[in-house]
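> return atomic coordinates for the entry below.
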Amino acid sequence: MVVETSEGGGIVEMKQHQSMTVTSQSGKPNRLITEKSPYLQQHAHNPVDWYPWGEEAFASARNQQKPIFLSVGYSTCHWCHVMERESFENASVAAVLNEKFVPIKVDREERPDVDRVYMNALQAMGQNGGWPMSMFLTPDLKPFYGGTYFPPDSRFGKTGFTDVLLRIDKIWNTERTKVDQSAHDLTTYLEESVRAGKGDAALTWDVPEKCFDQLQQSFDDAHAGFGRGSKFPRPVSLAFLLRYYKATRNKVALDMVERTLRAMADGGLHDHVGGGFHRYCVDSEWRVPHFEKMLYDQAQIIEVNLEAYQITGSSCYADVARSTCAYVLRDMTSSEGGFYSAEDADSPLPENPAESGEGFYYLWTKQEIINLLGEKEGRLFVLAYGVEEDGNAPMDPQQEFAGKNILFEVETVNDLARILGKQEQEVRTSLEKSREQLLEARNRRPRPKRDDKIVLSWNGLMIGALARAATILDQTGFREAAEKAAGDILARMHDPSTGLLLRRMRDGEARFEGHLADYAFFVKGLIELFETTQDSRWLKEATELCGSMITLFHDPKDGGFFETNGKDPSVLVRLKEHYDGAEPSGNSIAAENLIRLASLTGNDEWRALAERALMSFSGILASQPVAMPNMVSSLVLLLSSPIEVVIVGSVQDVSVRTMVKEFYRRFLPSAILLVIDTPGQDTRSMVHPLFRSFSMREDKPTAYVCENYACALPTNDPGKFNELLDRASSTPLNPQRRISGVASSR
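Okay, the predicted model is just below:
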């Protein structure tokens, strides 16, 4: 359905506009007041007569034959806040919505299944995706028009929200047949798109080569990262490049990763005072962030920095991973153990807490810093982090950032020591102490709002990141936090009688049946936790939940996995997600899990399911692998010789722990690690039959290093073990392997 507006609908395009102050005319709360979602509760006192997604709303639309206005967002979304202040708190706009539409509000983080269907529809209309997403549906939930942010009135070439509502109402009442036909055609397109990515050709090493070429072409050689505009982290691309480097030793791939990670760590994307990373930077130089912080970003950034540390040995990557873990444990962890979802970009203004603005919690004036740190230490900090008298933050139309500074590292410790004639350690210690002092001062400011719901998929990513960090960085506390979170999820978000997982926990309520990403990401976290702890409990849970994932989501006809289990009739289309964006797709993580669990347990059927999953997207992999770099990483895993490292002995034994540490000192993405015969564990009964026959030699812990289940002679000599690991680490890729979905050549 085409509505003649100049809307355009992109968040990026709207960055130039500032929010206007609108006084809320809300009275009694609407239906959202009983919802647990922080986002829905934010709108519970709007004058808009909101419904949550559900049959009550759908029945109202059918009975009144009104179109549905669907608004999708999330609690830390800046432009969602803007549209609320401008339109949803405006009594006159609310009156139009309430009279002519059935308005429904959805938290995309609770219902990604609903969000994805209508986001795909929006993009099929030729619009830019983004949030808030504003969609218009027929009473049978079929989309016919949509956009993202609408200003309250027409300006800057964008049609005002009230005008859009009135035009949609007119078309609905005068051209209903066209609307219904348009909605039908769009829904048919969405249904057909589910199988659009499948191809016929076998998958070979040409796919990773093409993915590397496409990433290299988009690499910003001036500022690092990819693309020439706003900079998004997208760790899945960096993780692929590290695996490509491992397979090919092409130093260009490693250079792109290192330059990008350093730009991220040095720039405004990184919270230099409190740790952690913001969502993205609005500029090309990594200096001006969009200030919200998301759990899934923290988890993935930790992992890719850990891998860069394993490859290079450079402590800067270990430091970033360590400080990001510390931020999550300090500010994003519940008392029960689960991890919160996000922190808002907006925060109350220090001088007027009744108002809020983006980023104010993180900004500093030069004088503030000098006053807090003292003249000597303050001058050093100012020099290190690019602080200027008049502020280094960009001037916006209302000059809200005037005189304020975004911290970004402009001088290294080494350069500062040379410039100031000091010892490096003296400079490092001074900056460390200064950051602690500034954090203490910042903690006294009004904080951004925190979305304290526990989202299962993101917790799975964080559990995995902490588990890996525990061993690679030798931090017991990280392991304990990962175990506590996994235990909390299994206790409160898992029904062992049915094997079902629930997606969201908040305020004691676990709700919404888990989607593919929830199962896949959590299983990934459990696999990482098992390899870190060698506690058979985690392997048992991982294999059982992987089996549940296959039962609920696998497509037996075409391979791969659907996003939903198909039981909810309100989800218009059962989609298959393939795009690896800010989060990896559920399909790519599911494929990775199946490969790793097949190596651990000897279940070759699971490896075959992984191959079929890749083949179900082979058309996209062959033409645009850059759209799914995490799936390409799974392909690299399948094309590589699997490495199995089995240590027979107790994980508590000092020599065993030394061997485990040596394993994690290396980047071995195609390797699995098993320690069997730990007292009280039944790991031996759960793993590949070959491993069950392994035993200690000379009553000493003994290591077996195997490639594709062909093992070198067992050893209990540390030097020989290291030699075998080095040899396995340098095993070249066999480019002749291919994946056909029927039987792979090995």
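> please make it C-alpha for all contacts and neighbour counts, starting now.
OK.
> residue ranges in the chain under the pLDDT threshold?
Within the chain, the set of residues satisfying pLDDT under 70 comprises 1-27, 156, 395-400, 731-736, 741-746.
> packing partners of the helix or strand where residue 368 lies?
Element membership of residue 368, judged by DSSP states H and E, is helix 366-373. Packing partners of helix 366-373 (3 or more CA pairs under 8 Å, 6 or more residues apart in numbering; DSSP states H and E): helix 375-384, helix 424-442.
> so what's the gap between the first one and the chain middle?
Relative to its chain's centre, helix 375-384 lies at 35 Å (CA atoms, centre = their mean, to the nearest Å).
> could you chop the protein up by domain?
When the chain is parsed with automatic domain parsing, its domains come out as 12-193, 228-452, 642-730.
> and those domains as TSV, adding mean neighbour count and distance to residue 470?
Shown next, in TSV, are the domains of the chain (neighbours: other CA atoms under 10 Å; distance: least, CA to CA, whole Å):
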stretch	mean neighbour count	distance to residue 470
domain 12-193	19	28
domain 228-452	19	9
domain 642-730	18	10
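> between these, which one is closest to residue 214.
domain 228-452 (10.7 Å; CA to CA).
> still on that earlier bit, now the domains of the chain as JSON lines including distance to residue 583?
Output for these, formatted as JSON lines (distance: least, CA to CA, whole Å):
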{"stretch": "domain 12-193", "distance to residue 583": "12"}
{"stretch": "domain 228-452", "distance to residue 583": "7"}
{"stretch": "domain 642-730", "distance to residue 583": "19"}
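> figure out which of those domains is closest to residue 570.
Closest among these, using CA to CA: domain 12-193, at 7.5 Å.
> so where do the strands sit in the stretch 251-400 of the chain?
280-281, 289-290, 293-294, 340-343, 346-349, 352-358 (DSSP state E, counting those that start in this stretch).
> residue 492 is nearest to which of those?
Of these, nearest to residue 492 by CA to CA is strand 340-343, at 15.0 Å.
> what's that closest one packed up against?
Right, strand 340-343 is packed against strand 293-294, helix 295-312, strand 450-455 by 3+ CA pairs under 8 Å, 6+ apart.
> mind redoing it with 6 Å?
With contacts defined as 3 or more CA pairs under 6 Å, 6 or more residues apart in numbering; DSSP states H and E, strand 340-343 has these neighbours: strand 293-294, strand 450-455.
> tell me which of these sits nearest to residue 45.
If we rank those by CA to CA, the stretch that ends up nearest is strand 450-455, at 18.2 Å.
> give me the sheet partners of the closest one and which way each runs.
Its sheet considered, strand 450-455 pairs with strand 340-343 (antiparallel), strand 500-506 (antiparallel) by DSSP bridges.
> contacts for the shortest one, please.
Pointing back at strand 340-343 there. Defining contact as CA atoms under 6 Å, 6 or more residues apart in numbering, one finds that strand 340-343 is touched by 292, 293, 294, 295, 332, 333, 449, 450, 451, 452, 453, 454.
> over to the last one?
Residues external to strand 500-506 that are found in contact with it (CA under 6 Å, 6+ apart): 453, 454, 455, 456, 493, 494, 510, 511, 512, 513, 514.
> could you look up the SS state of residue 129?
Here residue 129 is recorded as coil under DSSP: H, G, I helix; E, B strand; the rest coil.
> and the gap between it and residue 382?
39 Å (CA to CA, to the nearest Å).
> likewise for residue 175?
63 Å.
> how about the helices and strands packed on helix 366-373 in a markdown table, adding distance to residue 611?
Converted to a markdown table, the helices and strands packed on helix 366-373 look like this (distance: least, CA to CA, whole Å):
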| stretch | distance to residue 611 |
| --- | --- |
| helix 375-384 | 50 |
| helix 424-442 | 48 |
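> figure out which of these is closest to residue 299.
helix 424-442 (21.8 Å).
> so how far is the closest one from its chain's centroid?
30 Å.
> outside of it itself, which residues are in contact with it?
Contacts of helix 424-442 (CA under 6 Å, 6+ apart): 273, 414, 417.
> what of stretch 37-49?
By CA under 6 Å, 6+ apart, stretch 37-49 touches 26, 29, 30, 32, 33, 74, 75, 89, 94, 98.
> ok so, going back, I'd like the contacts of helix 424-442 laid out as JSON lines, including distance to residue 464.
Below are the contacts of helix 424-442 laid out as JSON lines (distance: CA to CA, whole Å):
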{"residue": "273", "distance to residue 464": "25"}
{"residue": "414", "distance to residue 464": "34"}
{"residue": "417", "distance to residue 464": "37"}
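> among those residues, name the ones in helices.
414, 417 (DSSP state H).
> and the helices and strands packed on strand 340-343 as TSV, adding distance to residue 170?
Below are the helices and strands packed on strand 340-343 laid out as TSV (distance: least, CA to CA, whole Å):
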stretch	distance to residue 170
strand 293-294	40
strand 450-455	38
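> out of these, flag the one nearest residue 60.
That would be strand 450-455 among these, by CA to CA, at 29.3 Å.
> can I get the CA coordinates of the closest one in PDB?
C-alpha atoms of strand 450-455 as PDB (Å, rounded to 0.1, in the frame of the first residue of the first chain):
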ATOM      1  CA  ARG A 450      18.300   0.600  33.400                       C
ATOM      2  CA  ASP A 451      16.100  -2.100  31.700                       C
ATOM      3  CA  ASP A 452      16.300  -4.700  34.400                       C
ATOM      4  CA  LYS A 453      14.500  -7.600  32.600                       C
ATOM      5  CA  ILE A 454      16.500 -10.800  32.000                       C
ATOM      6  CA  VAL A 455      16.500 -11.700  28.300                       C
END
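> does residue 482 sit in a helix, a strand or a coil?
Under three-state DSSP, residue 482 comes out as helix.
> what sits against it?
463, 466, 467.
> of the residues you listed, buried ones?
The neighbour count (16 or more other CA atoms under 10 Å) marks 463, 466, 467 as buried among these.
> can you verify my assumption that the first one contacts residue 524?
No: checked against CA atoms under 6 Å, the pair residue 463 and residue 524 is beyond contact range at 8.7 Å.
> between those two, what contacts are shared?
Contacts common to residue 463 and residue 524, judged by CA under 6 Å, 6+ apart, are absent.
> check contacts around residue 139.
By CA under 6 Å, 6+ apart, the contact set of residue 139 is 61, 62, 67.
> just the strands in the stretch 551-700 of the chain please.
Going by DSSP E, counting those that start in this stretch, the stretch 551-700 of the chain shows strands at 643-648, 671-676.
> for residue 258, find the nearest of the ones you listed.
Among the strands of the stretch 551-700 of the chain, strand 671-676 sits nearest to residue 258 (CA to CA), with 23.1 Å.
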